[in-house]
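model this:
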Amino acid sequence: MHESKEARYLINKTYDEIAVGESATLTRTLMPEDVKLFAILTGDVNPAVVDPGYSESGMFREVIAHGMWSGSLISTVLGTQFPGPGTILVDQTLHFARPVTIGDAITITVTVKQKFDHNRHVLFECLCTNQEGLQVVRGTAEVLAPSEKISRLQEMHLPEVHIDDKHARYKQMLSRVKGLEPIPTAVAHPCDKESLKGPVIAFQEGIIEPILVGPEAKIRAVAEENGIDLHGIRIVNAAHSHDSAALAVSLVKTGDAEALMKGSLHTDELMSEVVARANGLRTNRRISHVFLMDVPTYHRPLLITDAAINIAPTLEEKADIIQNAIDLAHVIGIPEPKVAILSAVETINPKIQSTLDAAALCKMADRGQIKGGILDGPLAFDNAVSIVAAKTKGIKSAVAGHAEILVVPDLESGNMVAKQLEYLANALSAGIVLGTKVPIVLTSRADTAETRTASCVIAALMAHARRNKEGN
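Coordinates of the predicted model:
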């Protein structure tokens, strides 16, 4: 939320200055944000107003404004224009002639009809018309007129409100796999509400075909307790969490599943089976993790790596971590991702290892050892995501201010960055493990079902990309 300043003179009219027949007007255009803000402020979430799907099937076939949105604009004219500051609304009647829809420009006119000397009240006729001149609202307003003259420069510090609809961003994420075949996914030990609800929602959305691996009695008990419908979902019974991890990985090895998903077990339990040399899911590439973040205050998607697997990666390991992230960026539709290699500073300092690694990684990209992206570093976080910060420091780079992949120095810093964005910036987060034979949905036990479902979208996109590659 940012503040904007509007300075103007506020000049009212006292009761004695007001003449019958005088009028004032105000014009406002209804925007989608107005409907959402009015619903938030009043708690009026009538689906006929705020639900586009319901609105399209309703009487008016489109989103309409709350009736009192127009009514409140009458109060705005009376309180800020005529009579102006000091006016107190006493009584109001309204008749709603026709709906106001998104994009309508409403003109509010208040006209003095009568004055009452005994109590200094003024009766106004009120009329609201749309851009076609058609009547929207009509009525009357009785006010106690100002008794003192006000004429001064008024500085109004009004917050500039931005509506962030996280649910809309979530639904947009789910739409990425619309029309694609669900991917069979082994879910290891989904034995609490969120870890079970996530894959079930993904199943209901047509993203995955979950195979729930764990103690069947426990899984069904959790489902019954929380009203989760398991109809049509396969369950593979396992004795305990270690057994669940082993069986889930074996389902991938046999080809029954094309993706793996962590449930309510510890990450180490699942990953120990994934990295097992005999029966694991290793490839020649270093295994790494990526958080895909949809941050409402940033103009493009952010991939943060590695914040969950590699604690203090070496230069060689960072090369694989970057390549994994670039490959994922290609899958989600970023043809040449901009990769910022982060450090505390943007200059090379022999005492800060991450700056030396950044310089070496950029040169490796120049030599074709890392392919498919544009690398720059070292870059401090502000320079990576803010073009203003980059220009202030004189950094000329195709990456600075436009980064799509943030490569962190170590797990600790990456984990902090990702969780700060999620909890303080309201980022929509999805987590995925790369560098394995199949994508692995690896989320925190604190993550919501929605986060787990969003992560399933990324896993499904990767699985389909793998199918296409093998088909070619």
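
who touches Asp294 in this structure?
Counting by C-beta atoms under 8 Å, 6 or more residues apart in numbering, Asp294 touches 169, 173, 301-302, 427-429. Every residue, glycine included, has its C-beta placed from N, CA and C.

Could you export those residues as a markdown table, including distance to Asn383 and neighbour count?
Compiled in a markdown table, the contacts of Asp294 are given as follows (distance: C-beta to C-beta, whole Å; neighbours: other C-beta atoms under 10 Å):
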| residue | distance to Asn383 | neighbour count |
| --- | --- | --- |
| Arg169 | 26 | 16 |
| Met173 | 28 | 20 |
| Pro301 | 19 | 18 |
| Leu302 | 15 | 23 |
| Ala427 | 20 | 23 |
| Leu428 | 24 | 22 |
| Ser429 | 23 | 24 |
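
Filter the residues you listed down to the ones in helices?
The helices, defined by DSSP state H, take in 169, 173 from those.

Tabulate the contacts of Asp294 (a markdown table), appending pLDDT and distance to Asp366.
Output for the contacts of Asp294, formatted as a markdown table (pLDDT from 0 to 100; distance: C-beta to C-beta, whole Å):
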| residue | pLDDT | distance to Asp366 |
| --- | --- | --- |
| Arg169 | 84 | 36 |
| Met173 | 87 | 34 |
| Pro301 | 90 | 25 |
| Leu302 | 95 | 24 |
| Ala427 | 89 | 32 |
| Leu428 | 89 | 34 |
| Ser429 | 89 | 32 |
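
Which of the contacts of Asp294 fall within strands?
The strands, defined by DSSP state E, take in 302, 428-429 from the contacts of Asp294.

Just give me the closest of those to Gly377.
Among the ones in strands among the contacts of Asp294, Leu302 lies closest to Gly377 (C-beta to C-beta), at 15.5 Å.

Can you list the buried residues in stretch 126-134?
Of the residues in stretch 126-134, those buried by neighbour count under the rule 16 or more other C-beta atoms under 10 Å are 126-130.

avg pLDDT for stretch 256-270?
Mean pLDDT, computed over stretch 256-270, is 92.

How much space separates the residue nearest to Asn226 when sequence neighbours are not counted from Lys171?
Spatial nearest neighbour of Asn226, excluding adjacent residues (C-beta to C-beta, 6 or more residues apart in numbering): Lys193 at 4.8 Å. Plainly put, Lys193 is 22 Å away from Lys171 if you go by C-beta to C-beta, to the nearest Å.

Dump the contacts of Asp294 to JSON lines, plus distance to Met31.
What follows is the contacts of Asp294, written out as JSON lines (distance: C-beta to C-beta, whole Å):
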{"residue": "Arg169", "distance to Met31": "19"}
{"residue": "Met173", "distance to Met31": "25"}
{"residue": "Pro301", "distance to Met31": "26"}
{"residue": "Leu302", "distance to Met31": "28"}
{"residue": "Ala427", "distance to Met31": "25"}
{"residue": "Leu428", "distance to Met31": "23"}
{"residue": "Ser429", "distance to Met31": "29"}
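
quick check, nearest of the contacts of Asp294 to Gly280?
Proximity of the contacts of Asp294 to Gly280 (C-beta to C-beta) peaks at Ser429, which lies at 26.4 Å.

just to revisit the earlier point, which one of the contacts of Asp294 is nearest Asp376?
After measuring these against Asp376 - C-beta to C-beta - the closest member comes out as Leu302, at 15.4 Å.

Quick one: residues contacting the closest one.
Residues counted as contacts of Leu302 (C-beta under 8 Å, 6+ apart) are 292-295, 385, 403-406, 421, 427.

What is the burial count for the closest residue to Ser151 other than its chain neighbours?
In this structure, Ser151 finds its nearest non-sequential neighbour in Ile11, 4.6 Å apart by C-beta to C-beta, 6+ apart. For Ile11, the neighbour count with other C-beta atoms under 10 Å is 14.

Buried residues in the longest strand along the chain, which are they?
Taking DSSP E as the criterion, the chain has its longest strand at strand 105-116. For strand 105-116, burial by neighbour count (16+ other C-beta under 10 Å) applies to 106-112.

swap in stretch 388-399?
Residues of stretch 388-399 classed as buried by neighbour count (16+ other C-beta under 10 Å): 389-390, 395, 397, 399.

repeat for stretch 342-360
Those buried within stretch 342-360 under the rule 16+ other C-beta under 10 Å are 342-343, 346, 352, 354-358, 360.

Please flag which of these sit within helices.
Residues of these located in helices (DSSP H): 354-358, 360.

got the residue ranges for the helices in the stretch 151-300 of the chain?
For the stretch 151-300 of the chain, the helices defined by DSSP state H, counting those that start in this stretch cover 166-174, 193-204, 216-226, 241-253, 267-274.

related to what we said a few turns ago, give me the sheet partners of the longest strand of the chain and which way each runs.
strand 23-29 (antiparallel), strand 121-129 (antiparallel) (DSSP bridges).

Now that strand - C-alpha only, CSV.
C-alpha atoms of strand 105-116 as CSV (Å, rounded to 0.1, in the frame of the first residue of the first chain):
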residue,chain,number,x,y,z
ALA,A,105,-19.7,6.3,-15.6
ILE,A,106,-22.2,7.5,-13.0
THR,A,107,-23.0,11.2,-12.6
ILE,A,108,-24.4,12.2,-9.2
THR,A,109,-26.4,15.5,-9.1
VAL,A,110,-27.7,17.0,-5.8
THR,A,111,-30.2,19.9,-6.0
VAL,A,112,-31.5,22.0,-3.2
LYS,A,113,-35.3,21.5,-2.9
GLN,A,114,-36.2,23.1,0.4
LYS,A,115,-34.7,24.9,3.4
PHE,A,116,-36.0,24.7,7.0
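
List the contacts of it.
With contact meaning C-beta under 8 Å, 6+ apart, strand 105-116 is reached by 15, 18-30, 70, 73-74, 76-78, 82, 100, 121-131, 136, 140-141.

out of these, which are buried?
Listed as buried from these are 15, 18, 24, 26, 28, 30, 70, 73-74, 77-78, 82, 100, 121-124, 126-130, 136, 140-141; burial here means 16+ other C-beta under 10 Å.

mind listing the strands for the stretch 51-200 of the chain?
Along the stretch 51-200 of the chain, the segments classed as strands by DSSP state E, counting those that start in this stretch run 88-96, 105-116, 121-129, 135-144, 151-160, 183-188.

what's in contact with stretch 137-145?
13-15, 18, 67, 70-71, 74-75, 78, 83, 86-97, 110, 113, 119-128.
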